[in-house]
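J.: what would the 3D arrangement of this be:
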Amino acid sequence: MDKPRVFTEWGHHGLLALKPDVAVLIIIDVLSFCTAVDIAVARGATIIPFPHGDATSAAEAASQAGALCAARRSQSGGYSLSPHSLQTIEPGTKLLLPPPNGATITLAAGTTPILAGCLRNATATARAAQTIANGGAIGIIPAGERWADHTIRPAIEDWLGAGAIIDALDLPLDAESETARATLRTLRPGTHHPRLPGRHHPRDRARLQQHRLHHERGGWVSAVFVKQPSEEPSIKRTSFL
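T.: Below you'll find the predicted structure:
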């Protein structure tokens, strides 16, 4: 039996466990951080994940970065974590998204290359991960949600998103990765992109895109998602704060 090259663990603690031993990490937060990233970056925008839910802190960070700050979902108009709100985002826009769970997990990756994965970009994400890993191990992190006490609450859409990416990798898997892939294949035989009844809105679909996380250093540790260049991906490090 071949040694596993794909490893799957849930959430923040799972990322910390896998980070030392993998060449690239894939965060899956389908509803809706990674889906929002997919849509915005496909249109040429830059997404800055911010881990603090406090509106004042987020607004200050956005101002320092020269970025817009996403509105709450309940507010009418403007950009928010809702993927639909980002379908008309202008190329070149910098947008700070403050989802506490997805952003906290993303920033915990440190300097390890990271990809934003969801159901719609599973194939492209898998392809990019294999290029970045260059024969090394790949870590799959379904983000899940959090209870009031901050313990993880597994989310089926993230598990299915993980399964879709794993299915596209076609590499030796650990037991958790095999289970995620099997779940996807059982629920939707023959497809990599199952629909999520009642939650995955059809208007949020967009073409597949691959993304990288580019680390930025400054007054606060941050990172930005930008569109993947056509050439082999590389990490850039800059400072805008």
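J.: by mean pLDDT, flag the weakest helix or strand of the chain.
T.: Among the helices and strands of the chain, strand 211-216 carries the lowest confidence by mean pLDDT, DSSP states H and E, at a mean of 54.
J.: quick one, strands of the protein?
T.: Ranges of strands within the chain are 6-8, 24-28, 46-49, 68-69, 94-97, 114-117, 138-142, 145-146, 152-153, 211-216, 222-227, based on DSSP state E.
J.: just put those strands in CSV and tack on distance to Leu160 and mean neighbour count.
T.: Placement of C-beta: from N, CA and C, glycine included. Formatted as CSV, those follow (distance: least, C-beta to C-beta, whole Å; neighbours: other C-beta atoms under 10 Å):
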stretch, distance to Leu160, mean neighbour count
strand 6-8, 12, 25
strand 24-28, 9, 28
strand 46-49, 22, 24
strand 68-69, 30, 20
strand 94-97, 22, 22
strand 114-117, 11, 30
strand 138-142, 9, 30
strand 145-146, 14, 15
strand 152-153, 16, 14
strand 211-216, 19, 22
strand 222-227, 22, 21
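J.: want to throw the ones you listed into JSON lines with distance to Thr35?
T.: Shown next, in JSON lines, are the strands of the chain (distance: least, C-beta to C-beta, whole Å):
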{"stretch": "strand 6-8", "distance to Thr35": "19"}
{"stretch": "strand 24-28", "distance to Thr35": "10"}
{"stretch": "strand 46-49", "distance to Thr35": "11"}
{"stretch": "strand 68-69", "distance to Thr35": "19"}
{"stretch": "strand 94-97", "distance to Thr35": "11"}
{"stretch": "strand 114-117", "distance to Thr35": "9"}
{"stretch": "strand 138-142", "distance to Thr35": "14"}
{"stretch": "strand 145-146", "distance to Thr35": "15"}
{"stretch": "strand 152-153", "distance to Thr35": "18"}
{"stretch": "strand 211-216", "distance to Thr35": "12"}
{"stretch": "strand 222-227", "distance to Thr35": "12"}
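J.: now the weakest link among the ones you listed, please, by mean pLDDT.
T.: Least confident of the strands of the chain, judged by mean pLDDT, is strand 211-216 with a mean of 54.
J.: show me what contacts the spatially closest residue to Gly102 that is not a sequence neighbour?
T.: Of all residues not flanking Gly102 in the chain, Phe33 sits nearest, at 3.3 Å (C-beta to C-beta, 6 or more residues apart in numbering). Contacts of Phe33 were listed using C-beta atoms under 8 Å, 6 or more residues apart in numbering, and they are Pro49, Leu81, Leu97, Pro99, Asn101, Gly102, Ala103, Ala116, Ala143.
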